[in-house]
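J.: could you look at this predicted model? Sequence included:
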Amino acid sequence: MRKLIFTVVIIVGCYYLGKYFIKSGNFDKLLQNYKNPFLVPRIEYYLGHINLILNKPQQAEYRFQRVLKNYPETKFAPASLYYLAKLHQEKDINKAIQEYNILIEKWPDSKYANIAVKAIEILKYAK
């Protein structure tokens, strides 16, 4: 029983420590200083997804933009642009169409390019 309580206390403590670390801006500083091209784009991309799940579109947009700006040659770049366009669909259809077109132009062989073509057709019809 003591082991279970200890484990729960450690997990809850790590959660709140991590939450503080992210809110304080220290996590972003760490990612900027840690230039691992394998790990950092993944972290940024998945943090974008976590923020989508938590219904925090501004934070998700920030993370996806960081992937595009800092790691445009990774496999996470086309996916990040796709999710940015998807975020913008609700507010600004023209911006979303423009981002989908950039995705198709830059990464025509990605699986997201095919989805973007269909999304553009739907958005043009919805106008």
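T.: In hand now; what should we look at?

J.: measure residue 105 to residue 116 for me?
T.: Counting by CB to CB, to the nearest Å, the separation of residue 105 from residue 116 is 10 Å. To be clear about C-beta, it is placed using only N, CA and C from the backbone, and glycine gets the same treatment.

J.: so those two - more neighbours on which side?
T.: residue 116 (27 against 10; other CB atoms under 10 Å).

J.: contact partners for that one?
T.: By CB atoms under 8 Å, 6 or more residues apart in numbering, residue 116 lies in contact with 82, 85, 100, 101, 103, 104.

J.: so how many other residues sit close to the fourth one?
T.: Here the number of neighbours of residue 101 (other CB under 10 Å) works out to 14.

J.: report the spatially nearest residue to it, omitting neighbours in sequence.
T.: residue 120 (7.1 Å; CB to CB, 6 or more residues apart in numbering).

J.: hmm, the one you found is touching residue 102, no?
T.: No - assessed by CB atoms under 8 Å, residue 120 is found out of contact with residue 102, at 11.4 Å.

J.: need the max-distance pair from the contacts of residue 116.
T.: Greatest spacing in the contacts of residue 116, by CB to CB: 82 and 101 (12.0 Å).

J.: if we can go back for a sec, check the offset of the particular helix or strand that has the residue nearest to residue 101 in it from the chain's centre.
T.: Element membership of residue 120, judged by DSSP states H and E, is helix 111-126. In terms of CA atoms, centre = their mean, to the nearest Å, the centre of helix 111-126 is set 20 Å apart from its chain centre.

J.: mind starting the numbering at 885 from now?
T.: Right, with 885 as the first residue, what we last looked at is helix 995-1010.

J.: all helices of this structure, in order?
T.: Applying DSSP state H to the chain gives helices spanning 886-907, 910-917, 924-937, 941-954, 960-973, 977-990, 995-1010.

J.: redo the ones you listed as CSV? Include mean pLDDT.
T.: Output for the helices of the chain, formatted as CSV (pLDDT from 0 to 100):
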stretch, mean pLDDT
helix 886-907, 66
helix 910-917, 72
helix 924-937, 92
helix 941-954, 94
helix 960-973, 96
helix 977-990, 95
helix 995-1010, 91
